[in-house]
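Trainee: pasted the sequence and its predicted model underneath.
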Amino acid sequence: MIKKLILILVVLFSIDGYCQRYRDFEYGPMLNYEHTSLYLDNGIFKSEKEGISNSGFEPNFAAGLYGIYYFRPRMGMGAELYYQRTSASDLKGSDHYNSLTFMPYVNFDPFRQVSGVYFGFGAGVAFIQEAPDYGSKVLEKDIRVVTIPVKVTTSYRIRNQVTFELGAQAEVFEVVRNQVRRNALFFGMKIPFNRVFINYR
């Protein structure tokens, strides 16, 4: 019985030491410079054309907060909460989408010789706050107010300082059923507030 108790204590202290060794949590602000577009039915804006094509890209942004826990030196799980603006060259004037997105994601570093380079994947939920006026060509019942975006990224992390990210985002379900899907290419920056300003190490 004593031997079993000692063994359990050794295992618990080993786990505790392992967790402390790899404790690596950060949170802070995030900002993306984005080129956004719409993958849409040509009939909405170009009635003479048939089929679906990508509208021209427009510069936009996304801004919010993130948090991530690296439970291994080369793997982490995190989440982002951000406001995103989406426009496209085919939209009239200042028409655009505004959305609030919650995006859980994973980051992993597959390299043995190179550190700080991560590949990521995320899938979340976006709540549409504002949408363009498509006129009579889009039925109100076909406009979704909740969509599911996914993203893939490549990032470079300078621990305790900053993470730079390149990525692409698209929607699983159309923001207008069978007619319009939002997508974006982006360059992002994340500042680990708790490491830079609170001296958490």
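Mentor: Looks like it came in fine. Please read all numbers here as calculations on a predicted model, not as lab measurements. Numbering: from 1, shown residues only.
Trainee: from the middle of its chain, how far away would stretch 111-127 be?
Mentor: When C-alpha coordinates are averaged (Cα atoms, centre = their mean, to the nearest Å), stretch 111-127 and its chain have centres 10 Å apart.
Trainee: show me where this structure has strands.
Mentor: With DSSP state E as the criterion, the chain has strands at 25-41, 52-54, 58-72, 75-86, 97-108, 117-123, 125-130, 146-147, 149-158, 162-171, 180-190.
Trainee: how far away is residue 110 from residue 62?
Mentor: 26 Å (Cβ to Cβ, to the nearest Å). From N, CA and C alone the C-beta is placed, and that goes for glycine too.
Trainee: between those two, who's got more neighbours?
Mentor: Per other Cβ atoms under 10 Å, whichever of residue 110 and residue 62 has more neighbours is residue 62, with 23 against 10.
Trainee: which residues sit in contact with the more buried one?
Mentor: 30-32, 34, 82-85, 101, 184, 186, 188 (Cβ atoms under 8 Å, 6 or more residues apart in numbering).
Trainee: try it again at 7 Å.
Mentor: 32, 34, 82-84, 186 (Cβ atoms under 7 Å, 6 or more residues apart in numbering).
Trainee: can you say which of those residues are buried?
Mentor: Those of those that meet the buried threshold are 32, 34, 82, 84, 186, by 16 or more other Cβ atoms under 10 Å.
Trainee: so the first one makes contact with residue 61?
Mentor: Read that as residue 32. Yes. Using Cβ atoms under 7 Å, residue 32 makes contact with residue 61 at a distance of 6.3 Å.
Trainee: can you pull the buried residues of stretch 68-88?
Mentor: For stretch 68-88, burial by neighbour count (16+ other Cβ under 10 Å) applies to 68, 70, 76, 78-80, 82, 84-88.
Trainee: now stretch 168-178
Mentor: By 16+ other Cβ under 10 Å, the buried positions in stretch 168-178 come out as 169, 171, 174-176.
Trainee: now that stretch: average pLDDT?
Mentor: The pLDDT scores in stretch 168-178 average 86.
Trainee: CA atoms only for that stretch - export them in CSV, please.
Mentor: Coordinates of each C-alpha in stretch 168-178 appear next as CSV, following Å, rounded to 0.1, in the frame of the first residue of the first chain:
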residue,chain,number,x,y,z
ALA,A,168,-7.0,32.6,-45.8
GLN,A,169,-10.6,32.4,-44.5
ALA,A,170,-13.8,31.2,-46.2
GLU,A,171,-17.3,30.2,-45.2
VAL,A,172,-18.7,26.6,-45.1
PHE,A,173,-22.2,27.9,-45.5
GLU,A,174,-23.0,30.8,-47.8
VAL,A,175,-24.0,34.1,-46.2
VAL,A,176,-26.7,34.2,-48.9
ARG,A,177,-28.0,30.7,-49.5
ASN,A,178,-26.6,29.3,-52.8
